[in-house]
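Asks: Here is my input, please return the structure:
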Amino acid sequence: MMIETTLTERLQNALAPDYLAVTNESFMHNVPANAETHFKVVVVSSVFDNCRQVARHQRIYGLVSDLLGGGLHALALHTYSPSEWESIDSPPDSPKCHGGSNHD
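Replies: Numbering: from 1, shown residues only. Next up, the predicted model:
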């Protein structure tokens, strides 16, 4: 749980989110058991007010660039300002892996 913990702590510290969910979705992919390679991140923060999606994602990638070179393979990012989050029923589900997953 090292990558998941580090990812969560960095996002929490840098973005002071109103809501943060970091979900390890590695099991949905063709990776070894207990892998920490694929994560879904839902984050709501006032830091994202008046900020485009690309800039939001770039900010997060900047926070975790070393993790991307050290085992973290993919991030599904769902970033919202507090006002955007008010109108969201739930973030989108991640798509099923098409890259050789052993799971249905």
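
Asks: Apart from its neighbours in sequence, what residue is nearest residue 88?
Replies: Spatial nearest neighbour of residue 88, excluding adjacent residues (CB to CB, 6 or more residues apart in numbering): residue 80 at 6.4 Å. From N, CA and C alone the C-beta is placed, and that goes for glycine too.

Asks: what's the burial count for the one you found?
Replies: Here the number of neighbours of residue 80 (other CB atoms under 10 Å) works out to 21.

Asks: Which positions in the host helix or strand of residue 23 come out as buried?
Replies: Using DSSP states H and E, residue 23 sits in strand 19-24. Neighbour-count burial for strand 19-24, counted by 16 or more other CB atoms under 10 Å, picks out 20, 22, 24.

Asks: Looking at those residues, spot the one nearest residue 87.
Replies: Of all these, residue 87 sits closest to residue 20, with 18.7 Å by CB to CB.

Asks: In this model residue 9 seems to touch the closest one, though I could be wrong.
Replies: No - assessed by CB atoms under 8 Å, residue 20 is found out of contact with residue 9, at 10.4 Å.

Asks: returning to what we had before: partners of the residue nearest to residue 88 in the sheet?
Replies: Residues in a beta bridge with residue 80, per DSSP bridges, are residue 44.

Asks: can you pull the pLDDT of it?
Replies: You'll see residue 80 listed with a pLDDT of 96.

Asks: For it, give its distance to residue 38.
Replies: According to CB to CB, to the nearest Å, residue 80 and residue 38 sit 21 Å apart.

Asks: Report how many residues lie close to residue 66.
Replies: Residues near residue 66, counting by other CB under 10 Å: 10.

Asks: Am I right that it is in a strand?
Replies: No - counting by DSSP: H, G, I helix; E, B strand; the rest coil, residue 66 is not part of a strand but helix.
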